[in-house]
Every structure is written in C-alpha cells, then in structure tokens.
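**Student:** What follows is a predicted structure for the sequence shown.
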Amino acid sequence: MSDCIFCKIVEGSIPARKLYEDDDVVAFHDINPVAPVHFMLIPKQHVNSLVECTDEHDAVLAKMLRLAPKLAREQGLDTGFRTAINTGRGGGQVVFHLHVHVFGGTGGKLDSALEKLHHG
C-alpha cells in the first residue's frame, strides 16, 4: 500500500528505530510513546487490522505475540508490560496496518492515565 506509513517503514523509505526485523515482522519504537518503553510489532505483509486477519495470518500473529515478551525483556521490562491492538476507528486505530503496541516502565502518559482511571 503506497500511502501506508508502516508499509513505508517496511520498505525502508521512512526511517524507524528498529528493534527487530526478520522476513515476516518488524519491531520499532513508537514515535509518540505513552510510556518510557513503547514499541510496535507489525507484519511486513499489509493487513488493515486484526478484524481482517484470516487463517493465512495465524503464523505471523503467533510470531508477533511470541516476540512481544522477548523484546520487552530486552528493553528492560522485566517486571511486566502491556500490549494493545487497536482495531478499527471505534477501537482507536489510527494507522490502518495491523500493529501490536508493547509498552511499560514507570512514568509517562500511560501511568498518568491509569492513575486517573483507578482513582478518579
């Protein structure tokens, strides 16, 4: 998809701070992090969102979910982390290329938002 920012990262025409790359998946730091550690895992093959995945995507979905804890540990998130897959406009998806957010660490916008949720 020529207008997809994540496809452009995959093809190398837009730079990204990559953490991992293989034939199927790329992981890179989010440019607008909500936590001290915030990166994304994306399939190299374009798929708009999780709702559009089929059986043919099973292997890459499994790979992304298995890589999440490995990469999180490598980024210092030894005590835990969060994952999120925003799906569709109603689910908060902004870039329409499937991606898994992985974030954690103390401080940052995420901690502030969670504190408000838990304590009003």
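**Tutor:** Received the coordinates, thanks. These figures come from a predicted structure and were not determined experimentally.

**Student:** Skipping adjacent residues, who's closest to residue 16 in space?
**Tutor:** In this structure, residue 16 finds its nearest non-sequential neighbour in residue 28, 3.9 Å apart by CB to CB, 6 or more residues apart in numbering. Using the backbone N, CA and C atoms, a C-beta is placed for each residue, glycine as well.

**Student:** mind showing which ranges of this protein have poor pLDDT?
**Tutor:** Low-confidence regions of the chain, defined by pLDDT under 70, span residues 1-2, 107-120.

**Student:** counting contacts, what elements does the longest strand anywhere in the chain pack onto?
**Tutor:** The strand that spans the most residues within the chain, counting by DSSP state E, is strand 37-43. Judged by 3 or more CB pairs under 8 Å, 6 or more residues apart in numbering; DSSP states H and E, strand 37-43 is in contact with helix 5-11, strand 25-29, helix 58-74, strand 100-104.

**Student:** hmm, 10 Å instead?
**Tutor:** In terms of contacts (3 or more CB pairs under 10 Å, 6 or more residues apart in numbering; DSSP states H and E), strand 37-43 is packed against helix 5-11, strand 18-21, strand 25-29, helix 58-74, strand 82-84, strand 100-104.

**Student:** and the angle for that strand with helix 58-74?
**Tutor:** Taking axes from the mean of the first three to the mean of the last three CA atoms, to 10 degrees, one finds that strand 37-43 is oriented at 160 degrees with respect to helix 58-74.

**Student:** Strand partners (parallel or antiparallel) of strand 37-43?
**Tutor:** Paired strands of strand 37-43, with direction, are strand 25-29 (antiparallel), strand 100-104 (antiparallel) (DSSP bridges).

**Student:** Which of these sits closest to residue 3?
**Tutor:** With respect to residue 3, and counting by CB to CB, the nearest of these is strand 25-29 at 18.0 Å.

**Student:** wait, what's in contact with residue 106?
**Tutor:** The contact partners of residue 106, by CB atoms under 10 Å, 6 or more residues apart in numbering, come to 35-36, 79.
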